[in-house]
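Chemist: The following comprises the amino acid sequence and a computationally predicted model.
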Amino acid sequence: MLRVCKLIASVLLAVALAACAGPAAPVVTPSSNDPATPVEAAALSDARVALERGDHAAAVELLGAPVDPARVEMLARARMGLAREAIVAAPGEARALRTALDQVGLALALHPNEPALRDELLGLERALVTLLAVEDLRLALLARQIVAEDPSALDMARALAGRASVAAATEPHLPGAERIAATGLLAAAGVFEQAGDSARDPASWQEAHQFCERAMALQASDAAQSCVERLASKLNPPIATTAPATPAALPSQRPTVAPRPPARSAGATFGVAQRKSFDGTGNSGQFASCIDVQVLGPGGPIAGAVLGINNGDHSYQNQTDASGYAGRCGLGASTWSVVLFWTPRTGNVAGATTTVYLNGAPDQRAAVVFRAR
């Protein structure tokens, strides 16, 4: 019996030793990339704080290469913030625009799930591409050094003016957009002015004059003002006349004096006194929105003022009626520029421009009031 018990004890001991010699169960160690780990949770919290205080560079560094949707959205917002910082730091500079475009591209490559964020990034990308296209075409036109009579130069200049008009109405609106658009319009005007000088062609001068007026409306500058005045002089040259000999007046006659034209107010400027726009989102698929405009002077409404309404692809000109009103309906989803070009009392107007957004629906009726200062 004792021998049997010893045998059983030996078997049990062997089984126990075999169990101990078996492979150890794997131990699960939390990954440093697991968002549930204390280290990663702290980094995520720091990144959120950095994003809230506008330190986008720090947020990008803390977030690294995320894979979960929440951190992807945060990183996309941080890169969009870096893009806007570059634009604000150097408005209208091509290098800054390219830096911003790189950041937007990196943000879109993350494929954020938030629709509003994705739409904002796409809108910013579209605006940057539009502005850079204007600058690239302007530089290409200057680099060619071709004669203005060359039809290819005129076509190029006309294309530049078209792109500049689109850039002036970019959405979302970017710092420096007016500067790039105005510079592009002045470059296009220079080509058409040279063509007019070579061929004594008033039509080329007229087109150049329109480009200069648009540039002046976007950004008042000495170059734009000089362009407007120079071309106006070429289109309407002063008539140099020699006064004819005046016959001696008979005693019963009194010399007649020609009436003097009414003087225009020098240096009159206009500002936006009232503006009604709509939220820059949504596309109704309709073309039924309207823009109402009124021009007011010191003495009340101004009749016969020339206004422009355009979004780059479509451009309309209107004149105000006796009550100072003008407008346009049948407009689709877009940001529209509203510009006051000229009034009978002041002549050319500089810097009177604004933008409004419409989505095409008939219930969206924007309004702008320009008032003399």
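Modeler: Thanks, I have it. Numbers count the residues shown, from 1 in each chain.

Chemist: Going along the chain, name the helices of the chain.
Modeler: Remark: helices assigned in the chain by DSSP state H are 2-21, 38-52, 56-63, 69-89, 94-109, 115-144, 151-168, 177-199, 202-218, 222-235.

Chemist: Figure out how far the second one is from the centre of its chain.
Modeler: Same thing as helix 38-52. 34 Å (CA atoms, centre = their mean, to the nearest Å).

Chemist: Could I get the buried residue list for stretch 211-228?
Modeler: Using 16 or more other CB atoms under 10 Å as the test for burial, stretch 211-228 gives 211-221, 223-224, 227-228. Using the backbone N, CA and C atoms, a C-beta is placed for each residue, glycine as well.

Chemist: how close does residue 69 sit to residue 46?
Modeler: 19 Å (CB to CB, to the nearest Å).

Chemist: My error: substitute residue 302 in the last question.
Modeler: 58 Å.

Chemist: Neighbour count: those two, which is higher?
Modeler: Comparing residue 302 with residue 46 by other CB atoms under 10 Å, the one with more neighbours is residue 302, at 24 against 16.

Chemist: Spell out which residues make up each domain of this protein.
Modeler: 39-113, 132-235, 270-372 (automatic domain parsing).

Chemist: now the ones you listed as TSV including distance to residue 122 and mean pLDDT?
Modeler: TSV is the format used below for the domains of the chain (distance: least, CB to CB, whole Å; pLDDT from 0 to 100):
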stretch	distance to residue 122	mean pLDDT
domain 39-113	7	87
domain 132-235	11	82
domain 270-372	12	87
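
Chemist: quick one on the thing from earlier: can you put the helices of the chain in JSON lines and add distance to residue 282?
Modeler: What follows is the helices of the chain, written out as JSON lines (distance: least, CB to CB, whole Å):
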{"stretch": "helix 2-21", "distance to residue 282": "70"}
{"stretch": "helix 38-52", "distance to residue 282": "27"}
{"stretch": "helix 56-63", "distance to residue 282": "28"}
{"stretch": "helix 69-89", "distance to residue 282": "21"}
{"stretch": "helix 94-109", "distance to residue 282": "21"}
{"stretch": "helix 115-144", "distance to residue 282": "10"}
{"stretch": "helix 151-168", "distance to residue 282": "20"}
{"stretch": "helix 177-199", "distance to residue 282": "22"}
{"stretch": "helix 202-218", "distance to residue 282": "27"}
{"stretch": "helix 222-235", "distance to residue 282": "35"}
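
Chemist: Which one of the ones you listed lies nearest to residue 321?
Modeler: helix 202-218 (21.5 Å; CB to CB).

Chemist: pull the CA atoms of that closest one into PDB?
Modeler: C-alpha atoms of helix 202-218 as PDB (Å, rounded to 0.1, in the frame of the first residue of the first chain):
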ATOM      1  CA  PRO A 202      -9.600 103.300 -79.100                       C
ATOM      2  CA  ALA A 203     -11.200  99.900 -78.500                       C
ATOM      3  CA  SER A 204      -8.000  98.600 -76.900                       C
ATOM      4  CA  TRP A 205      -7.700 101.700 -74.800                       C
ATOM      5  CA  GLN A 206     -11.300 101.300 -73.700                       C
ATOM      6  CA  GLU A 207     -10.700  97.700 -72.600                       C
ATOM      7  CA  ALA A 208      -7.600  98.700 -70.800                       C
ATOM      8  CA  HIS A 209      -9.500 101.600 -69.100                       C
ATOM      9  CA  GLN A 210     -12.100  99.100 -67.800                       C
ATOM     10  CA  PHE A 211      -9.400  96.900 -66.400                       C
ATOM     11  CA  CYS A 212      -7.900  99.900 -64.600                       C
ATOM     12  CA  GLU A 213     -11.200 100.900 -63.200                       C
ATOM     13  CA  ARG A 214     -11.800  97.400 -61.800                       C
ATOM     14  CA  ALA A 215      -8.400  97.400 -60.300                       C
ATOM     15  CA  MET A 216      -9.000 100.800 -58.700                       C
ATOM     16  CA  ALA A 217     -12.300  99.600 -57.300                       C
ATOM     17  CA  LEU A 218     -10.600  96.600 -55.700                       C
END
